[in-house]
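**Q** sequence? don't have it. structure:
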DNA sequence: TTGCTACTGTACCGTTTGGTAAACAGTGTG
DNA sequence: CACACTGTTTACCAAACGGTACAGTAGCAA
């Protein structure tokens, strides 16, 4: 057999897709070997901890992506309002305009949350915090900023759930537009005081 | 052994709780027998179709509850605005102020959606439709009504996800309050035109 | 060429899975 | 009392589960 010399990081995207499709419990090792093209031997070589380590790695990569692509830009933006607009664009692309589900949100719903509780909590806590910071930098009072950030993230998650439930990706896109205009309007209102 | 003479409908609430906790794939028959107190024999007596029929029965009951407690009152209300307020109260109680998860939403996220696609779609479609009707009856233009209904349901679902992810039920309560005030404000704005 | 390391395929492990079969017990009806 | 009906228990099954062990192979450095 040819030695493909794959790296651990090479399989993570397909692992992510598998967990998104089947959930943690629904993703069996046979599914994973089939869809990744890696045998059990290779999988356990890269992830000695089995499924749990695979899922943890996936969550880590997701978190990493959001930290660099979304959270950090929100925090350190010169122009927070354009950073917010960029967040909406990134999020829309990441979730494929509503055709892709949020794995962290899916994990949060049932008992698998408890196995990855730190990663799940951190993901959303960081997001809320980063977005609130950007809103504050744009002139939004702290209390309003946190509330609006919370509302925004919840709306995004709910948009994903509803879009998938009704199989209407447009729902997510409309949600995102509503959210964006509300985010961009908020600091303005405060400026006018 | 004593004959407990349980009925099919008696186990459905605990089945619902089991699926909420573990998800569909994560709920094994041994978990189910343990938590319902019924042996496999009894379970297959009531649900010859196995897990799938159990979950379908649970979804049916959930849908039934929402139809009578939420959707119908929204549609046939003399005073649509108080019906909307009552919806918010019912929903808050049903989801235990954010400590309970929406099973239909959870099912929607991964592949199990496709096994129950009709029930999942109907649940949300009916909700959106009923709420939009109530908004129209309150004087909201049709297009705005549908959009606001959609936004509301997505917000509720997202509130549940985020509340559970961060283990802060308060997030859901705040979401619900925001949603309610937006629903009650909307027809008013239209009236003032 | 010889090793060492990183990776891969396969056979296998014990356990658990969803599901079936049959014997059996309580209850109501004739 | 006899009967059917409705639950319930128990034992059982093949298949699939997550996971392990290990021999083997490709790649590379000395």
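**A** Structure's in. What do you need? None of the values given here were measured: they were computed from a predicted structure. Numbers count the residues shown, from 1 in each chain, chains lettered A, B, ... in the order given.

**Q** quick one: pLDDT of residue A:190?
**A** What the model reports as pLDDT for residue A:190 is 47.

**Q** actually residue A:39, sorry about that
**A** What the model reports as pLDDT for residue A:39 is 93.

**Q** pretty sure it sits against residue A:32.
**A** No - checked against Cβ atoms under 8 Å, the pair residue A:39 and residue A:32 is beyond contact range at 10.4 Å. (Each C-beta comes from the backbone N, C-alpha and C, glycine too.)

**Q** more crowded one of the two?
**A** Just comparing residue A:39 and residue A:32: by other Cβ atoms under 10 Å in any protein chain shown the higher neighbour count belongs to residue A:32, 21 against 11.

**Q** now do the contacts for that one.
**A** Residue A:32 makes contacts with A:15, A:18, A:38, A:43, A:51, A:54, as judged by Cβ atoms under 8 Å, 6 or more residues apart in numbering or on different chains.

**Q** I'd like to know how far it sits from DNA strand D.
**A** Separation of residue A:32 from DNA strand D (Cβ to the nearest atom of the strand, to the nearest Å): 7 Å.

**Q** spatially central residue for chain A, please.
**A** Ranked by distance to the mean C-alpha position of chain A (Cα atoms, centre = their mean), the top residue is residue A:102 at 5.4 Å.

**Q** helix or strand for the closest residue to that one other than its chain neighbours, which one?
**A** Counting by Cβ to Cβ, 6 or more residues apart in numbering or on different chains, residue A:102 lies nearest to residue A:160, which is 5.4 Å off, once chain neighbours are set aside. Assessed by DSSP states H and E, residue A:160 sits inside helix A:142-165.

**Q** I'd like to check the angle between that helix and helix B:142-165, please.
**A** 100 degrees (axes from the mean of the first three to the mean of the last three Cα atoms, to 10 degrees).

**Q** tell me the contacts of residue A:119?
**A** A:56, A:59-60, A:63, A:104.

**Q** helix, strand, or coil at it?
**A** helix (DSSP: H, G, I helix; E, B strand; the rest coil).

**Q** read off the pLDDT value for it.
**A** 98.

**Q** again, but for residue A:92
**A** pLDDT for residue A:92: 98.

**Q** for it, which non-adjacent residue is spatially closest?
**A** Excluding the flanking residues, the one nearest residue A:92 by Cβ to Cβ, 6+ apart is residue A:176, at 5.5 Å.

**Q** what's the burial count for that neighbour?
**A** For residue A:176, using other Cβ under 10 Å, the count is 23.

**Q** wait, it sits on residue A:158?
**A** No - in this structure, residue A:176 is not within contact of residue A:158 by Cβ under 8 Å, at 11.4 Å.

**Q** tell me the predicted confidence for the residue nearest to the centre of chain A.
**A** So residue A:102 comes in at 98 (pLDDT).

**Q** with residue A:185 instead?
**A** Residue A:185 is given a pLDDT of 92.

**Q** how about residue A:134?
**A** For residue A:134, pLDDT reads 97.

**Q** for it, grab phi and psi.
**A** Backbone torsions for residue A:134, taken as degrees, to the nearest 10, come to phi -60, psi -40.

**Q** now residue A:28
**A** Per-residue torsions, residue A:28: phi -90, psi 160 (degrees, to the nearest 10).

**Q** contact partners for the closest residue to it other than its chain neighbours?
**A** Of all residues not flanking residue A:28 in the chain, residue A:22 sits nearest, at 7.9 Å (Cβ to Cβ, 6+ apart). Residues near residue A:22 by Cβ under 8 Å, 6+ apart: A:28, A:31, B:25, B:110-111.

**Q** and those residues, which of them are buried?
**A** Burial of the contacts of residue A:22 was assessed by neighbour count (16 or more other Cβ atoms under 10 Å in any protein chain shown); the buried members are B:25, B:110.

**Q** how about the contacts of residue A:22 in JSON lines, adding secondary structure?
**A** JSON lines is the format used below for these (three-state DSSP):
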{"residue": "A:28", "secondary structure": "coil"}
{"residue": "A:31", "secondary structure": "helix"}
{"residue": "B:25", "secondary structure": "helix"}
{"residue": "B:110", "secondary structure": "coil"}
{"residue": "B:111", "secondary structure": "coil"}
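
**Q** now the contacts of residue A:22 as CSV including pLDDT?
**A** Output for the contacts of residue A:22, formatted as CSV (pLDDT from 0 to 100):
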residue, pLDDT
A:28, 96
A:31, 96
B:25, 97
B:110, 96
B:111, 96
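
**Q** just the contacts of residue A:22 now: which is nearest DNA strand C?
**A** Nearest to DNA strand C among the contacts of residue A:22: residue B:25, at 7.6 Å, using Cβ to the nearest atom of the strand.

**Q** give the buried residues for the strand or helix carrying residue A:175.
**A** In the assignment (DSSP H and E), residue A:175 maps to helix A:169-192. Of all the residues in helix A:169-192, those buried under the rule 16+ other Cβ under 10 Å are A:169, A:171-176, A:178-180, A:183, A:186-187.

**Q** the inter-axis angle of that helix versus helix A:142-165?
**A** Interaxial angle, helix A:169-192 versus helix A:142-165 (the same axes, to 10 degrees): 170 degrees.

**Q** contacts for helix A:169-192 next, please.
**A** Residues outside helix A:169-192 that contact it (Cβ under 8 Å, 6+ apart): A:80-81, A:84-85, A:88, A:91-92, A:95-99, A:131, A:135, A:138-141, A:144, A:148, A:151-152, A:155-156, A:158-160, A:162-163, B:147, B:150-151, B:154.
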